[in-house]
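Chemist: Provided below are the primary sequence and the corresponding predicted coordinates.
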Amino acid sequence: MTSEQVPPPLAAARIHSHRSSHDLVTVVLTSSPTPSAPSTELLSSIITSFQKHCAPLTRCRIILVLDTYDRIASDSRLKKGTVTAEGAKKFAEYKKNAKKLILDEYSRSYGGVENACHDDELIITEGEAEFGSVAYAQQHNAVTLTITRTKDGRITFIEPHARVGFGLGVRSALRLTETPYVWIQQHDWALVADIPLAPLLDIMQQSESAPESPDSSDSETTDGQPPRRTSDVPVKYVCFPSTRMVSYAKSDHVMLYPALRALTNLYKQNFSVGSGTKSVKIPLTPLFFWHDKPHLASTAHYLSQIFPSRAAMLRGAFIEDTAGQRARTEMKDGLWRKWACWLYYPDEGTKLCVRHLKGRTWRGTDGELVQRMQYMRLNSYNA
């Protein structure tokens, strides 16, 4: 699916407004070579955190992006796309294990083991992830993708034939997404607090008609402003706080910039969702960056803002290192509404919701134990 084929957010929200939250969202889970391969402990920990803190995510459609490596060398440099020969063998096994894990876990969530899928029931097609310039006729600049889907389309696997990186991996998944919203999930960020998915989706749907151009009051700095109605403020992206985002609204990321401070004073609030005894308050504060860590976003907004053209994302690049920096610069210049980024802000920003498992260095439970024992022996020898 191309960006032009994605339904407008408002239309998509109207189409799906009567459906459950898990029918409005597709989980995009990205993975790549890790020292813990072929173990799927990292992915299992993510699914376990979903089950504990946001159960609807285990019933959503899911797209697993299994990015690969660029080259094999004597030393592993995962960030550069380099693995050892042994790492390459383990990653091939890891991909099989990861696909089996997702098929088993999500089939169970969809309705029990009797709904489990088998290899002969999967539909395999090909696609491509194009990138960069086409200024010269001989330049193709595209990576072939193997796309595997269950017959009902609820589970999809994307396997690039060459390394594409997080950014292009996400774009490839978004083009296959049929829901108006996506949950972007890297393989080494686990949930550690409950996430109110349904109320957040309600807020995002109610805000679809809000203008994205700067409001004249966006420059006001009065702390006593009444909260803006949801329909007045665009909510297109919601990120979840990690250690480095504690008390974000009072941090230097905001307070050192008068324009960002003014926007925070104006829009930071508890959004009301529902009515009467079923009413809940959802705390959000403006966020002045587009992070890669777990977030909920409008599918159409994602494609239009982050991937407006094939040249918008380099192969191997992260979104926050490219579009994220551009977003922050534009927000400082008064274009925060264009990006419409928010941070979920429970307990005034002191409650953490996600924890980084450091997949690039984590070796799995057994590997970590072996490494600790080696350190203990070395320390004992040096004592």
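Modeler: Thanks, I have the structure now.
Chemist: how far does the helix or strand hosting Asn265 sit from its chain's centre?
Modeler: Under the criterion of DSSP states H and E, Asn265 resides in helix 258-267. Distance of helix 258-267 from the chain centroid (C-alpha atoms, centre = their mean, to the nearest Å) equals 26 Å.
Chemist: which parts of the very next helix or strand once past it are buried?
Modeler: Following helix 258-267 in sequence order, the next helix or strand is strand 269-273 (DSSP H and E). If you call a residue buried by 16 or more other C-beta atoms under 10 Å, then strand 269-273 has these buried ones: 269, 271-273. Where C-beta positions appear, they are placed from N, C-alpha and C, glycine not excepted.
Chemist: can you check stretch 20-35 too?
Modeler: For stretch 20-35, a neighbour-count test (16+ other C-beta under 10 Å) marks 21-22, 24-35 as buried.
Chemist: which of those sits closest to Glu208?
Modeler: Taking C-beta to C-beta as the measure, Glu208 lies nearest Leu24 of the buried residues of stretch 20-35, at 12.5 Å.
Chemist: I'd say Ala193 and Asp347 touch.
Modeler: No - Ala193 lies out of contact with Asp347 (C-beta atoms under 8 Å); the separation is 9.5 Å.
Chemist: tell me which of these two has more neighbours.
Modeler: Ala193 (18 against 11; other C-beta atoms under 10 Å).
Chemist: grab the nearest non-local neighbour of that one.
Modeler: Excluding the flanking residues, the one nearest Ala193 by C-beta to C-beta, 6 or more residues apart in numbering is Cys353, at 4.4 Å.
Chemist: residues contacting the one you found?
Modeler: Cys353 sits next to 191-193, 195, 240-242, 344, 346 when contact means C-beta atoms under 8 Å, 6 or more residues apart in numbering.
Chemist: hang on, the earlier thing: now, the buried residues of stretch 20-35 that are in helices?
Modeler: 21-22, 24 (DSSP state H).
Chemist: which of the residues in the helix holding Asn265 are buried?
Modeler: 259-267.
Chemist: tell me what the residue lying closest to Arg154 once chain neighbours are set aside is bridged to.
Modeler: Spatial nearest neighbour of Arg154, chain neighbours left out: Arg61 (4.9 Å); criterion: C-beta to C-beta, 6+ apart. For Arg61, the beta-bridge partners are Thr26 (DSSP bridges).
Chemist: check what pLDDT Arg61 gets.
Modeler: Predicted confidence (pLDDT) for Arg61: 98.
Chemist: ok, it touching Leu24?
Modeler: No - look at Arg61 against Leu24 with C-beta under 8 Å: they stay out of range, at 10.0 Å.
Chemist: which residues do the two both contact?
Modeler: Both Arg61 and Leu24 are contacted by Thr179, under the criterion C-beta under 8 Å, 6+ apart.
Chemist: ok, the nearest residue to Pro56 once chain neighbours are set aside - contacts?
Modeler: Nearest residue to Pro56 in three dimensions, chain neighbours excluded: His22, at 4.2 Å (C-beta to C-beta, 6+ apart). His22 makes contacts with 56-57, 59-60, as judged by C-beta under 8 Å, 6+ apart.
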